[in-house]
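S.K.: the following comprises the amino acid sequence and a computationally predicted model.
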Amino acid sequence: MADPKSVAYVHKQCLSKHSMMTNKTYRHHTYREYIKYIHGLLEKNNRKVIPSCVVWYIRGRWPDPDGNHTGYKPGSDEVEDVV
């Protein structure tokens with residue numbers, strides 16, 4: 001489970017940097033800031049899965065009006081399991 005302090009830190013970073021953003025922009029920015037806070041800067045196409053508790057917190061804080069969310073997109077070098 002993610003450290004609540006790290007989620008709160010990322011939340012404060014988003015609020016302090018931007019005043020006029022859409023919920024979608026807030027969500028994506030918060031995801032990026034969370035990954036940077038936990039893993040540091042990543043190279044292009046190096047993706048990390050965000051814990052579901054963090055994703056649900058962020059989605060709850062900045063919901064999409066239609067409930068549409070993209071979800072995790074694998075990097076170009078990742079292979080998806082096909083069932």
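M.R.: Perfect, thanks for sending it. As the structure is a prediction and not an experimental result, all values here were calculated from the model.
S.K.: helices of the chain, start to end?
M.R.: For the chain, applying DSSP state H gives helices covering 4-17, 23-39, 52-61.
S.K.: report the buried residues of stretch 48-64.
M.R.: Residues of stretch 48-64 classed as buried by neighbour count (16 or more other CB atoms under 10 Å): 50, 54-55, 57-58, 62. Where C-beta positions appear, they are placed from N, C-alpha and C, glycine not excepted.
S.K.: tell me the one of those nearest residue 25?
M.R.: Using CB to CB, residue 62 comes nearest to residue 25 of the buried residues of stretch 48-64, at 8.5 Å.
S.K.: if I look at the closest one, how far off is residue 39?
M.R.: Distance, residue 62 to residue 39, by CB to CB, to the nearest Å: 22 Å.
S.K.: returning to that earlier point: which one of the buried residues of stretch 48-64 is nearest to residue 44?
M.R.: Distances from residue 44 to these, taken as CB to CB, are shortest for residue 50 (18.0 Å).
S.K.: the closest one contacts residue 35, correct?
M.R.: Yes - counting by CB atoms under 8 Å, residue 50 touches residue 35, with 6.8 Å between them.
S.K.: ok, of the buried residues of stretch 48-64, which one's closest to residue 26?
M.R.: Nearest to residue 26 among these is residue 62, at 4.2 Å by CB to CB.
S.K.: how close does that closest one get to residue 41?
M.R.: From residue 62 to residue 41 the distance is 23 Å (CB to CB).
S.K.: residue 34 and residue 50, how far apart?
M.R.: Counting by CB to CB, the gap from residue 34 to residue 50 is 6 Å.
S.K.: hmm, I was thinking of residue 62
M.R.: In terms of CB to CB, residue 62 sits 14 Å off from residue 50.
S.K.: equivalent analysis for residue 22, please.
M.R.: Here the distance between residue 22 and residue 50 works out to 20 Å (CB to CB).
S.K.: do the same with residue 68
M.R.: Separation of residue 68 from residue 50 (CB to CB) stands at 18 Å.
S.K.: show me what contacts residue 63?
M.R.: Contacts for residue 63 (CB atoms under 8 Å, 6 or more residues apart in numbering) come out as residue 23.
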